[in-house]
Each structure stands twice: as C-alpha cells, then as structure tokens.
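[1] can you look at this prediction? I've put the sequence above it.
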Amino acid sequence: MEVLEAIRKRRAIRSFLERPVTRDQLSALVAAATQAPSAMNLQPWGFLVVQGKNEVKRLSDAAKAHLLRVADSASPLAKYRDELSDSAFELFYGAPALIVVCAKGAGSAGIVQPNEDCCLAAQDLMLAAVAQGLGSCWVGFSRPWLNQPAAKKALGVPTDWSPVAPLAIGYPAETPAPPGRHAPEIVWQPAA
C-alpha cells in the first residue's frame, strides 16, 4: 500500500471484529513505529503491548473506574460521567489488542522532546496498521490511569516511562467515512 493511500484510509476505529491480532502482527507494528524520526535520534520510546480482548477489557474497566473517581463536577471529564458509568461502554472499544507508546526517561535531562517523538512513532504505527488491514484508535482517556504509579506497577511499566499514546488495535468491524477537512491555512514566504 502506498503511504499516501494509508494516510487517506486511516480512521479512528471504534468497532472491532472478534478476530485476534497475532503477536507477529503486533511486533511488526512496533517495528514500524521505531522507524519514526526522533530528536537527536534518541529514540525515547518503549512499548506496552497487551494482547487478548479480556485483558484489554480489564484495563478498560480499571481506567474507567479511575476516571470516575477523579471526574468531579469541575473536571472536563464530568460531561462523560454517564458514558463512563455505563458497564457496556468499553474505553478501548472491544479491541483485541492494545499498544501503548511510552516516553522513556520522560523529564530526564538530555531527553529533548520524548512525548513529541512518541507521537511520531504512534502515527507510523497507525499507518502500518492500515497497511496490514488493521484498525486503530488513540484512546487519550486512558492516559490519566496509565500514568498512575499503581497502574504502571501492575502492568510492569518502568517508573521512568510515561504512557503517551494508548492505541486500541484490531480488525475493523466498520470503517467510518472520511471526515471533512478544512482547507489548510498557509503563510508563504516570500509572500506572493
């Protein structure tokens, strides 16, 4: 698949088939992510890979419980309380796998921009998923829980890693139509 075709076809997938994603497929996605550019070629990423729909659902339930605990009426999350309280709602949309791109050594001296570098890795991973016939959805809601020391400990995530890009991965049950795009605002230099 051509890269421009993958860019045009990539969508946030929120409905996945029951079909599992293999360890080899997940490893290939991680390998694609590591081809991303990074500041000073530091490659400051690590990856948490969770396989199995039941395990991913367990993480969804834990993340939802955390969000409900911290979402008081002043929180921007307050408007999502009803959805988060619904036992049928899965934060990772029933995906059979989850890959979390983490910034290693976040906040350490010498690490210039690990979060931005991890975003580049996540984009490469999502495009590679499209090329493999898989779908992905970046689930930012899960980051507050994933960054909790207790959650990191339970998941075996090193304390100096910071989860940046939680990506639900699986075979799409449906592919949404492309959303409209605004015309880009461009400042040309020299001005025409």
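    Right, received. Where do you want to start?

[2] partner strands of the lengthiest strand in the chain, parallel or antiparallel?
    Determined from DSSP state E, the single longest strand within the chain is strand 161-170. According to DSSP bridges, the neighbouring strands of strand 161-170, each with its direction, are strand 97-104 (antiparallel), strand 135-138 (antiparallel).

[3] export that strand as CSV, just CAs?
    What follows is the C-alpha trace of strand 161-170 in CSV, where atoms were taken according to Å, rounded to 0.1, in the frame of the first residue of the first chain:
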residue,chain,number,x,y,z
TRP,A,161,8.3,5.6,31.3
SER,A,162,5.3,7.9,30.6
PRO,A,163,2.4,6.5,28.6
VAL,A,164,1.8,8.9,25.7
ALA,A,165,-0.2,7.1,23.0
PRO,A,166,-2.6,4.3,24.0
LEU,A,167,-3.7,2.7,20.7
ALA,A,168,-6.6,0.1,20.5
ILE,A,169,-5.7,-2.3,17.7
GLY,A,170,-7.8,-4.8,15.8
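
[4] wait, is residue 79 part of a helix?
    Yes. Counting by DSSP: H, G, I helix; E, B strand; the rest coil, residue 79 is part of a helix.

[5] ok, it to residue 67 distance?
    12 Å (CB to CB, to the nearest Å). Placement of C-beta: from N, CA and C, glycine included.

[6] so for the two, which sits in the more crowded spot?
    residue 67 (20 against 9; other CB atoms under 10 Å).

[7] for the more buried one, helix, strand, or coil?
    Of the three states, residue 67 takes helix according to three-state DSSP.

[8] next up, phi/psi of residue 17, please.
    As for residue 17, its main-chain torsions (degrees, to the nearest 10) stand at phi -70, psi 160.

[9] hmm, it is touching residue 173, no?
    Yes. Taking CB atoms under 8 Å as the contact criterion, residue 17 and residue 173 are neighbours in contact, 5.1 Å apart.

[10] chain center to the helix or strand harbouring residue 120: distance?
    Residue 120 is part of helix 114-131, with elements assigned from DSSP states H and E. The offset between the C-alpha centroid of helix 114-131 and the centroid of the whole chain comes to 9 Å, using CA atoms, centre = their mean, to the nearest Å.

[11] neighbours of the residue lying closest to residue 11 once chain neighbours are set aside, how many?
    Across the structure, with CB to CB, 6 or more residues apart in numbering as the measure, the residue nearest residue 11 apart from its sequence neighbours is residue 176 (5.2 Å). When counting by other CB under 10 Å, one arrives at 12 neighbours for residue 176.
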